[in-house]
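Asker: Sequence and predicted model, in that order:
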Amino acid sequence: MQNEDTPMRIRIDVDYPYPSRLRSFAYTLLGVKLGSGYLKNCKTIARMVNESPEKVTAYWFFTTKTLPDQQLLALMANSKHEIGLHVVNRPQEELAALESATGKKVAYYTIHGTARLFGRILWRRKLNQAQAQIPEGFPLKSLHDYPTTAIDMLCCTHPADRVTEMAQEALAKGQVLEIHPDWLFQRGTINPRGPYYPVLRRLLNVDRELEDLEIRKRRFVKIARHQKEYEQTIFPSTQFIEKLSERNIDIFTFIERRWCCATPNPPSAWTKTEDNISLLKVTTYNNWWENIGKKTRNMVRKAEKSGIKTEVTEPNRQLAEGIWKIYNETPIRQERAFPHYGARLQDVENAVMLSAQNNIFIAAYLQEELSGFIQLTLGDKIGIISQILSLQKHFDKAVNNTLLAKTVEVCAAKQTGWIMYGRMGNHPSLDKFKESNGFTRYPLTRYYVPLTGRGRVAVKLGLQREAKDVLPTSIKNRLFPVYNWVSRKRAQL
């Protein structure tokens, strides 16, 4: 967020009308509109500017091939937007065409330039002419006179967090931020520009409901889910779905948190599938202790007799060092390759500190050494075990059992209600451990909301689901040894 006294100015050069380069080239060269999506990214940016609580002015520069349609003009009908001319070849003629199409008096201009031969042919420019010449006495003021920082170019080589910092520094110096709508969500191959939506969202302080969105490509569709769907109740509103469509998401999926609140009146267009989690209802610690088996109680006592002490601990460098040692103790855990093996201490420390806001770390110590830990994420009426790991050299001391016992004690004291420990059915030995500690398989409904034609086809064919969720348990159990072997071999390679 920029300083309140420093207005945000954004220069938007609208070179091409479509997110698709091929369709843009066809329209620029032949004047043929191919399907919908004309100025789609521009409309997304205009909507973001309108919703922004920041003091911002967007300077839009259009060519005669990207003249705003009525929908975009309606979005720009307020003081946050200024329409300008992006000069291609004939400044005077193009200015007259833009003012006629928009019904507005234009005050600023920028110059469209291209260093490539193909671009000069596409824009019907002389082969030795990189950009148009502005005649003397041209009535518009050039925005090239202002220092500018191109955030779409920075996003090609820097992470979003760093580009956001650089953009804020530029704004503090009074600079103008420059973007091209083409690269809002995509990366250039020849053109060195990258997707800048995350940066623009943070600068404008909008779309906060999309912050925790996870997007994955599965086969030919993009599927989005909320990373906190188990922690808080998700019910996609019409506005939320429209924003996902702007980002070219094909399917949105979320779960019904039936243990605390059912999904009210889901539309018939949403597809339902059965999913599950391992869940433990928590009332009191004593109640849990009485309901687990004698063997599990003996394992907890064994850990205590072995000198294992558990406590809630603050996330700090000492904890991070202990976790780092556990990560790098062995490359194989539970017969599979361990993904955190080889992690750097600095990365572990950063992850621990970043997760401190909504997480509790429960640590098990043998004397001064961290022998195991649980990372517990606290949500609405639920505590979620994100990680539970211990040193294999202390396997005989039942560290994980006493960690779970401490977790139940903490959640009972906080009146969390429920504890979630992953899913059931994808790891037989782990499933047995969960069941011995009181967790049961809790069936729930997963909804899939198709947003595009491709999404509807994928959902109808069942292509949105992973193979492990479709295979019968009898077949999966036979494949586990093969999967484990492949996992270990890949890690060795």
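Answerer: That came through, no problem. Here the structure is a predicted model, which means the values were calculated and not measured. Numbering: from 1, shown residues only.
Asker: C-terminal to the worst-scoring helix or strand of the chain on mean pLDDT, what's the next element?
Answerer: Least confident helix or strand, the chain: helix 467-470 with a mean of 70, by mean pLDDT, DSSP states H and E. Later in the chain than helix 467-470, the nearest helix or strand by DSSP states H and E is helix 473-492.
Asker: and that following helix, average pLDDT?
Answerer: The predicted model gives helix 473-492 an average pLDDT of 72.
Asker: Mean confidence (pLDDT) on stretch 102-116, please.
Answerer: Here the average pLDDT along stretch 102-116 is 89.
Asker: To clarify, my last question referred to stretch 367-386.
Answerer: Stretch 367-386 comes out at a mean pLDDT of 95.
Asker: which residues touch the helix or strand residue 153 falls within?
Answerer: Assigned by DSSP H and E, residue 153 falls within helix 151-157. Contacting residues not belonging to helix 151-157 are listed as 163, 166-167, 177-180, 183, 187-188, 192-196, 199-200 [CB atoms under 8 Å, 6 or more residues apart in numbering]. Backbone N, C-alpha and C define where each C-beta goes, glycine included.
Asker: Turn the buried ones among these into a named PyMOL selection, would you?
Answerer: Selecting only the buried entries of these in PyMOL, with 16 or more other CB atoms under 10 Å as the criterion:
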select buried, resi 163+167+177+178+179+180+183+188+193+194+195+196+199+200
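Asker: so residue 52 makes contact with residue 202?
Answerer: No - under the criterion of CB atoms under 8 Å, residue 52 makes no contact with residue 202, lying 11.0 Å away.
Asker: any shared contact partners between these two?
Answerer: Common neighbours of residue 52 and residue 202 (CB under 8 Å, 6+ apart) do not exist.
Asker: Neighbours of residue 369, how many?
Answerer: Residue 369 has 12 neighbours, counted by other CB atoms under 10 Å.
Asker: Next one: it from residue 141, what distance?
Answerer: Separation of residue 369 from residue 141 (CB to CB, to the nearest Å) stands at 68 Å.
Asker: how deep is residue 226 tucked in, by neighbour count?
Answerer: So residue 226, with other CB under 10 Å, has 21 neighbours.
Asker: Quick check: the nearest residue in space to it that is not next to it in sequence vs residue 261, distance?
Answerer: Excluding the flanking residues, the one nearest residue 226 by CB to CB, 6 or more residues apart in numbering is residue 234, at 5.2 Å. From residue 234 across to residue 261, the span is 11 Å (CB to CB).
Asker: between those two, who's got more neighbours?
Answerer: residue 234 (20 against 12).
Asker: For the more buried one, give me its contacts.
Answerer: 226, 254-255.
Asker: Identify the residue spatially nearest to residue 320, adjacent ones excluded.
Answerer: That would be residue 349: by CB to CB, 6+ apart, it lies 3.9 Å from residue 320.
Asker: Quick check: mean pLDDT of the host helix or strand of residue 225?
Answerer: Per DSSP H and E: residue 225 is located in strand 221-226. Strand 221-226 shows a mean pLDDT of 94.
Asker: Tell me which other helices or strands that strand touches.
Answerer: When contacts are defined as 3 or more CB pairs under 8 Å, 6 or more residues apart in numbering; DSSP states H and E, strand 221-226 packs onto strand 213-218, strand 251-255, helix 453-461.
Asker: Mean pLDDT, distance to residue 418 and mean neighbour count added to these, as TSV?
Answerer: Below are the helices and strands packed on strand 221-226 laid out as TSV (pLDDT from 0 to 100; distance: least, CB to CB, whole Å; neighbours: other CB atoms under 10 Å):
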stretch	mean pLDDT	distance to residue 418	mean neighbour count
strand 213-218	90	23	13
strand 251-255	95	14	22
helix 453-461	92	30	16
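Asker: got JSON lines for the ones you listed, with distance to residue 112 too?
Answerer: Shown next, in JSON lines, are these (distance: least, CB to CB, whole Å):
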{"stretch": "strand 213-218", "distance to residue 112": "32"}
{"stretch": "strand 251-255", "distance to residue 112": "37"}
{"stretch": "helix 453-461", "distance to residue 112": "33"}
